[in-house]
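Novice: Turn this into a model:
(chains A and B)
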Amino acid sequence: GAGVSQSPSNKVTEKGKDVELRCDPISGHTALYWYRQSLGQGLEFLIYFQGNSAPDKSGLPSDRFSAERTGGSVSTLTIQRTQQEDSAVYLCASSLGSLAGGLDTQYFGPGTRLTVL
Amino acid sequence: AQSVTQLGSHVSVSEGALVLLRCNYSSSVPPYLFWYVQYPNQGLQLLLKYTSAATLVKGINGFEAEFKKSETSFHLTKPSAHMSDAAEYFCAVNTGTASKLTFGTGTRLQVTL
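Specialist: Coordinates of the predicted model:
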């Protein structure tokens, strides 16, 4: 079946512009996660959605970062007023969400490579 | 708080040789542990996971890992390396109360002829 998809695969933007990154999770998965992969920081958790519960935003690095999940499916990560340090690969993952957190396998998309000039 | 430490950012082995990638964890509660592999320009793929059912976990592509509580380790091994194993490998930890994965810094595996 179809896996997690992300778009665009690559995004180049100028410093100060806003960007939107999209994630389509696996059908039927109620949990969705965003991570960031950068050379200096490795893989970092950003935000987690589970069903209709309030999202866990504890990993968002600043208030320039926000994310939405519409209709319990597609998610959009928005970065406002981008900075050069935002350059990274943004990975989305989804899971069934039916098991206690640690037991739930997360399936990752291919990522969006963001370059801020 | 939970964390993982991967010793060795780069590991090089000959084709056919044993692969050993090291991971040590720190967790105040019993952990769930994962190994993911990332091929160039791709996302992360789950190799195997430990969820307390068995200490020796077998995964895909001939990889396995053993959970050793006394050593707080979860090292990844494969008896015989193949060229196609060249990739970056990430160890990750989760606990039953937290859904986010905490990743190690990764180990890049190089396989030479």
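
Novice: CA only for contacts and neighbour counts going forward, please
Specialist: Noted.

Novice: name the helices or strands packed onto the helix or strand bottoming out on mean pLDDT in chain A?
Specialist: Every helix and strand of chain A was ranked by mean pLDDT, DSSP states H and E. The lowest is strand A:42-50, at a mean of 91. On a contact count with 3 or more CA pairs under 8 Å, 6 or more residues apart in numbering or on different chains; DSSP states H and E, strand A:42-50 meets strand A:31-38, strand B:98-103.

Novice: Can you spell out which helices and strands pack onto the first one?
Specialist: Translated: strand A:31-38. strand A:42-50, strand A:88-95.

Novice: which secondary structure element contains the residue positioned nearest the centre of chain B?
Specialist: In chain B, the C-alpha nearest the mean C-alpha coordinate belongs to B:Trp35, at 3.5 Å (CA atoms, centre = their mean). B:Trp35 is part of strand B:31-38 when elements are defined by DSSP states H and E.

Novice: Report the beta-bridge partner residues of B:Tyr36.
Specialist: With DSSP bridges applied, B:Tyr36 shows beta-bridge pairing to B:Leu46, B:Phe90.

Novice: Tell me how many other residues surround it.
Specialist: 18 (other CA atoms under 10 Å in any protein chain shown).

Novice: Secondary structure class of the nearest residue to B:Leu101 once chain neighbours are set aside, three-state.
Specialist: Setting aside the residues directly before and after it, B:Leu101 is nearest to B:Asn94 in space (CA to CA, 6 or more residues apart in numbering or on different chains), at 5.2 Å. Assigned with DSSP: H, G, I helix; E, B strand; the rest coil, B:Asn94 falls in the strand class.

Novice: How many residues are close by residue 28?
Specialist: Chain wasn't specified; assuming chain A. A:Gly28, neighbours per other CA under 10 Å, totals 12.

Novice: Please refer instead to chain B.
Specialist: By other CA under 10 Å, 9 other residues sit near B:Ser28.

Novice: re earlier: what does the strand holding B:Trp35 rub up against?
Specialist: The contact list for strand B:31-38, computed with CA atoms under 8 Å, 6 or more residues apart in numbering or on different chains, reads A:102-103, B:44-52, B:74, B:76, B:87-96.

Novice: which of the residues you listed count as buried?
Specialist: Buried by 16 or more other CA atoms under 10 Å in any protein chain shown: A:102-103, B:44-51, B:74, B:76, B:87-96, out of these.

Novice: which residues sit in contact with residue 82?
Specialist: I went with chain A, as the question did not name one. A:Glu14, A:Lys15, A:Gly16, A:Lys17, A:Asp18, A:Val19, A:Arg64, A:Val116.

Novice: look at chain B instead
Specialist: Contacts of B:His82 by CA under 8 Å, 6+ apart are B:Glu15, B:Gly16, B:Val111.

Novice: Around chain B, which positions in chain A sit nearby?
Specialist: A:33, A:42-45, A:48, A:91, A:100-103, A:107-111 (CA under 8 Å from any CA of the partner chain).
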